[in-house]
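Asks: next comes the sequence, and after it the predicted model I'd like to discuss.
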Amino acid sequence: MIRINRETDYGIGILSLLARSPGERFNAAWLAEHGGLPQPMVSKILKQLARAGLLVSYRGAKGGYGLARDAERITVAEIITALEGPISLTECVEDGVDACQYGSHCTVSTNWNRINSVVREALSRITLAEMSEPGGAPGVGVPESTVHPLEFTGVRYVSDH
């Protein structure tokens, strides 16, 4: 099962709250309350997102957090990478590192690289602005091409029909 972790899910929700109020600053307590999330978890996520350059942290009485750039310029891929590390479906293709003990004998690593590239590209096409649309933006991140997603990678798609 391919699944993002809970922190990433919460992080996208927190960033969506911020994206709906461009230029505003919100503290961790407000974001936790309005996001229905535990404040310690929100504080941890905010720090990670600020370290990754997706948020700006403001100190003082009117402090809090705000988006570092427009929501249209922040991608889901960046958010996932900030909270989980490199996007990869297998260890052997994680950020170009050969972590697999069978690396030199593996017959499928090239195809895993292709699949990982497709996933990364798809997540890079979806913006925080699109994710923040109430009810979801129509066709969010869906390429206009009718080509099956794996066709352009050289991986053959086999239909059941």
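Replies: The structure has been received and is ready for your questions.

Asks: please enumerate the strands of this protein.
Replies: With DSSP state E, the ranges of strands along the chain come out as 55-58, 64-67.

Asks: would you format the ones you listed as JSON lines with distance to residue 27, mean pLDDT and mean neighbour count included?
Replies: C-beta here means a position set from N, CA and C on the backbone, and glycine is covered the same way. As requested, the strands of the chain are exported to JSON lines (distance: least, C-beta to C-beta, whole Å; pLDDT from 0 to 100; neighbours: other C-beta atoms under 10 Å):
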{"stretch": "strand 55-58", "distance to residue 27": "9", "mean pLDDT": "96", "mean neighbour count": "16"}
{"stretch": "strand 64-67", "distance to residue 27": "4", "mean pLDDT": "97", "mean neighbour count": "20"}
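
Asks: want to throw those strands into JSON lines with distance to residue 9?
Replies: Formatted as JSON lines, the strands of the chain follow (distance: least, C-beta to C-beta, whole Å):
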{"stretch": "strand 55-58", "distance to residue 9": "17"}
{"stretch": "strand 64-67", "distance to residue 9": "18"}
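
Asks: how about low-confidence regions in this structure?
Replies: Scanning the chain for pLDDT under 70 picks out 1, 93-103, 136-161.

Asks: longest helix in the chain, please.
Replies: Ranked by residue count under DSSP state H, the longest helix found in the chain is helix 109-125.
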